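*Asks:* coords please:
(2 chains)
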Amino acid sequence: MAIIRTEGLSKVFRTGFTMKKVEAVKGVDLKVDAGEIYGFIGPNGAGKTSTIKMLTGLILPTAGEAWIQDIPVSDPKCRAHLGFLPEGTFFHEYLTGREFLDFHGQLLGIDKATRQKRAGELLERVGIPHAGDMRIRSYSKGMRQRVGLAQALIADPEVVILDEPMSGLDPLGRKDVRDLILSLRDEGKTVFFSSHILGDAEVICDQVAIIVNGNIVHQGYIDDLLGQEVSGVELVLEGIDAPLFEELKVGATRAITQGPRFLLEFEDEASAQRVLERTLEAKGHVRSLVPRRRSLEDLFVEEAKKGNYA
Amino acid sequence: MRALRNIKAVAMNTYREAVREKLLYTLLMFAGLMIASSIVLVKIHLGYDERIYYDVGLAAIALFGSLIAIFVGINLVYREINSKTIYTMLAKPMRRWEFLIGKYLGLVGLLALEIVLMSALFLAVVWFQKGTFPAELLYAIVLIFVELVLLTAIAIFFSSFTTPYLAGMFTVSLWIIGHLLADIREFGNLPDSEAIRPLTEALYWGLPNLDRLDIKGLAADGIPITLKDLWMNIAYGLSYASLLLFSATQLFRVRDFR
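*Replies:* All right, here's what the predicted structure looks like:
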C-alpha cells in the first residue's frame, strides 16, 4: 500500500521583478510503500525541499496531486498522523524544549498527560534528556536538530518526513539520526527523507528516488538501481618488493604506495585474481580485498555525464 | 472543536512569546510613568485638575496600546514566516486561517492584559485624587480597547501579504488617517472642494473611522455617552476588524512558504 503518492506533481515559482518563471518541480510521480525508508536524494536546488513542502502543505502545487495515506495533501487531516522535520533548525527560541514539544502536541490534539509523558520519553530517545527545561535559544545546532526530531515524533506518527535530517551534524550526530530512522522502520513506520549526502541514503534506504533539476531520473529499490555486479576490486598488499609491485600494477586503475603497503584497484575480477595469486607465490600478504559495487554516487555521476545535472 | 483547539494553542503561544519580550515591559513602564506624571502636572497647573488626570491617563492608555498593537502586530506573522517557525506548525492538521486567527487572538489577549493593568493604575490615580470616577471613563477605555482590536486586525491584514516595513507604514498611515476622516469629509464638503468630494466621501466610508472609537475628549469633559452609541461603536469596530481578518485569511490561504 502506498503511504505517500504523487502524480505529476509540479511547482512553478515566479521570481524577481519580472516574475520570471522557475520550474522547481516537474511532474514528479512518487510511490512510497508502508514501512519503508525512502530516500529522496539530489543535489542542492534539485527540487527536494519544494516537493516536501508540497507534501506538507507549505506550498501549493501548480499542477498534479499528492496523497498521504490516501488523503489529498490539501486536506489538513492527512497531517494527523504525519511527523515532519523541516530543513534547518528554526524553532521558537523563547520556548524550552519541553514547552516546544508540548505546544506541537497540542496542535495534534494530544491530551496533556500524554504530551508530558511523550515529551520526556522523546527527549530521552533523541539524547537530550538534560535539556528539556532549557530555552531552545541556548541549544547547539545538534541539540536543535534533536529536539526537532522529537517534535516530529510527538504524536507517534505513522509517516515521518524529514528534510535533510543529517545536514550540518557531526559524525556522531549523523549516526544517531541514522539509528533513529532505522528504529522507526523497526516500529513499522514509513520514513521519507531527503538528503544530498548519497552515502547516508545508500546505507539505510530501502528505496530511493533521485531528483535532478526537478525531474525524477531514477526511482526504485537500491539493489535494483545499483545491481549486484562488481564494478571493481581494491587490494591492499604488504611484504612485496618494488619490482613485483611494478609488475602487478599493470592494468590497475589506481596504484598507490603507502609506506610498507601497496594499494591496487582493478576494474575486473580476473586482474585481481592474477595479483592475488602472484602475491601469494611471492610470499606477500594480502591485507584486504574489497570488491566494489556500483554506488549511488556512481549512478549520480553517470547522470551528471548525461547532462541531467547542470 | 479541532479549530478551537488549534486557535487556542497558537494564541497561547503568541501570548507567551509576547510576555517574554522586554519591549512590552518597557512600554508598560513608560505608560505607568506617564499616568503617574499627571499627579505632578496637576500641582503645577492652575484649574481643570480632573481634565488633566483624564486627558493624560486616557492618552497614555491609547498611545502605548496602539504602539504595541501596531509594532507587535506587523511582526506577528512575518516573524513566524521569516524565522521559518511556521513550517512545523502548518505541517500539523491545522488550517491556515486557524493559525492566523490564533496569532491575532494571542495579541488581542495581551492587549487586554495591558489595558487592564494601565486602566487599573489610571483609575487608582483618579480615585485617590478625586474619590470617584465617572462611568464615561470606563466607556472610553472600552472603546480604546476596540480601537486596538481594529488596529491589530489592520496590522495583521497588511502583514499577511507584505513586509513588516511596508505593513508598518500602511498601518500607521491608516491609524493617522482613521482619526482624521471627519475632518477630511468636512474638507470635501467645502464649497471649493467639489472636485475632490467623491474622493473624500470614498475615504470616509471606506477606511476605518477610528474617530468613532475615540471618545476620550467627551469622557474628559464629562459629556454623557449613551449605551446605544457605545454598542453601535463597538459593533462598528468589531465588524471592520472581522472584515479585515477575513480578507487576511483569504490572502494567507494561497500564500507559498518558500
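*Asks:* interface residues of the stretch 1-150 of chain A facing chain B?
*Replies:* Selection of the stretch 1-150 of chain A residues close to chain B by C-beta under 8 Å from any C-beta of the partner chain yields A:13, A:53, A:56-60, A:76-80, A:82, A:84-86, A:88, A:90-92, A:94-95, A:99, A:103-104, A:106-109, A:148. C-beta coordinates here come from the backbone N, C-alpha and C atoms, glycine included.
*Asks:* excluding chain neighbours, what is closest to A:Glu93?
*Replies:* With sequence-adjacent residues excluded and distances taken as C-beta to C-beta, 6 or more residues apart in numbering or on different chains, A:Glu93 is closest to A:Arg137, at 4.1 Å.
*Asks:* just to be sure, the one you found is in a helix?
*Replies:* Yes: under DSSP: H, G, I helix; E, B strand; the rest coil, A:Arg137 sits within a helix.
*Asks:* tell me how many other residues crowd it.
*Replies:* 12 (other C-beta atoms under 10 Å in any protein chain shown).
*Asks:* ok, the one 5 residues further on next?
*Replies:* For A:Gly142, the neighbour count with other C-beta under 10 Å is 19.
*Asks:* and A:Leu225, by the same measure?
*Replies:* By the criterion of other C-beta under 10 Å, A:Leu225 has 17 neighbours.
*Asks:* for it, helix, strand, or coil?
*Replies:* Classification of A:Leu225 using three-state DSSP returns helix.
*Asks:* mind listing what it touches?
*Replies:* Contacts were defined as C-beta atoms under 8 Å, 6 or more residues apart in numbering or on different chains; by that measure A:Leu225 touches A:208, A:218, A:296, A:299.
*Asks:* ditto for A:Pro76
*Replies:* By C-beta under 8 Å, 6+ apart, the neighbours of A:Pro76 are A:57, B:92-95.
*Asks:* can we see that at 10 Å?
*Replies:* Counting by C-beta atoms under 10 Å, 6 or more residues apart in numbering or on different chains, A:Pro76 makes contact with A:57, B:2-3, B:6, B:90-96, B:98.
*Asks:* now do A:Asp133
*Replies:* Counting by C-beta under 10 Å, 6+ apart, A:Asp133 touches A:96-99, A:123.
*Asks:* checking it next. Helix, strand or coil?
*Replies:* Following three-state DSSP, the label given to A:Asp133 is coil.
*Asks:* ok, it to A:Glu99 distance?
*Replies:* Relative to A:Glu99, A:Asp133 is positioned 9 Å away (C-beta to C-beta, to the nearest Å).
*Asks:* picking up where we left off before, tell me which of the contacts of A:Leu225 is nearest to chain B?
*Replies:* Distance to chain B across those (C-beta to the nearest C-beta) is lowest for A:Val208, with 22.7 Å.
*Asks:* wait, isn't the closest one in contact with A:Tyr221?
*Replies:* Yes: here A:Val208 reaches A:Tyr221: they are 8.3 Å apart, a contact under C-beta atoms under 10 Å.
*Asks:* neighbour count winner among these two?
*Replies:* Here A:Val208 and A:Tyr221 are compared on neighbour count by other C-beta under 10 Å; more neighbours surround A:Val208, at 25 against 12.
*Asks:* closest approach to chain A from the stretch 51-200 of chain B, which residue is it?
*Replies:* Proximity of the stretch 51-200 of chain B to chain A (C-beta to the nearest C-beta) peaks at B:Lys84, 3.6 Å away.
*Asks:* look up phi and psi at the nearest residue to that residue once chain neighbours are set aside.
*Replies:* Take B:Lys84 and drop its neighbours on the chain: the residue closest to it by C-beta to C-beta, 6+ apart is A:Phe90, 3.6 Å away. The phi/psi pair for A:Phe90 (degrees, to the nearest 10) reads phi -110, psi 90.
*Asks:* contact partners for A:Phe90?
*Replies:* Taking C-beta under 10 Å, 6+ apart, we find A:Phe90 in contact with A:144, A:148, B:80, B:82-88.
*Asks:* repeat for A:Thr15
*Replies:* Applying C-beta under 10 Å, 6+ apart, the residues near A:Thr15 are A:21-22, B:258.
*Asks:* just B:His179 next, same as before
*Replies:* Shown in contact with B:His179 (C-beta under 10 Å, 6+ apart): B:147, B:208-211, B:213-214.
*Asks:* tell me how far it lies from B:Tyr54.
*Replies:* Distance of B:His179 to B:Tyr54, computed by C-beta to C-beta: 18 Å.
*Asks:* show me what from the stretch 101-250 of chain B comes close to chain A.
*Replies:* By C-beta under 10 Å from any C-beta of the partner chain, the residues of the stretch 101-250 of chain B that approach chain A are B:Gly102.
*Asks:* in the stretch 101-250 of chain B, which spans are helices?
*Replies:* For the stretch 101-250 of chain B, applying DSSP state H, counting those that start in this stretch gives helices covering B:135-159, B:164-188, B:197-206, B:216-221, B:227-253.
*Asks:* run through who's touching the third one.
*Replies:* If I follow you right, that is helix B:197-206. By C-beta under 10 Å, 6+ apart, the list of residues contacting helix B:197-206 reads B:177-178, B:180-190, B:193, B:196, B:209.
*Asks:* pull the most distant pair out of those residues.
*Replies:* Farthest apart among the contacts of helix B:197-206 by C-beta to C-beta are B:Gly178 and B:Leu190. That separation is 21.2 Å.
*Asks:* how about low-confidence regions in the stretch 51-200 of chain A?
*Replies:* Applying pLDDT under 70 to the stretch 51-200 of chain A flags no residue at all.
*Asks:* surely A:Gly27 meets A:Ser10?
*Replies:* Yes: if you go by C-beta under 10 Å, A:Gly27 and A:Ser10 touch, sitting 5.4 Å apart.
*Asks:* okay, domains of chain A per the record?
*Replies:* For chain A, automatic domain parsing gives the domain ranges A:2-223, A:230-293.
*Asks:* tell me the spacing between A:Pro171 and A:Gln69.
*Replies:* To A:Gln69, A:Pro171 is 35 Å away according to C-beta to C-beta.
*Asks:* neighbour count winner among the two?
*Replies:* Shown here are A:Pro171 and A:Gln69; by other C-beta under 10 Å, A:Gln69 has more neighbours (19 against 8).
*Asks:* how close does that one sit to chain B?
*Replies:* From A:Gln69 across to chain B, the span is 12 Å (C-beta to the nearest C-beta, to the nearest Å).
*Asks:* quick one, phi/psi of that residue?
*Replies:* Per degrees, to the nearest 10, the backbone of A:Gln69 is at phi 50, psi 40.
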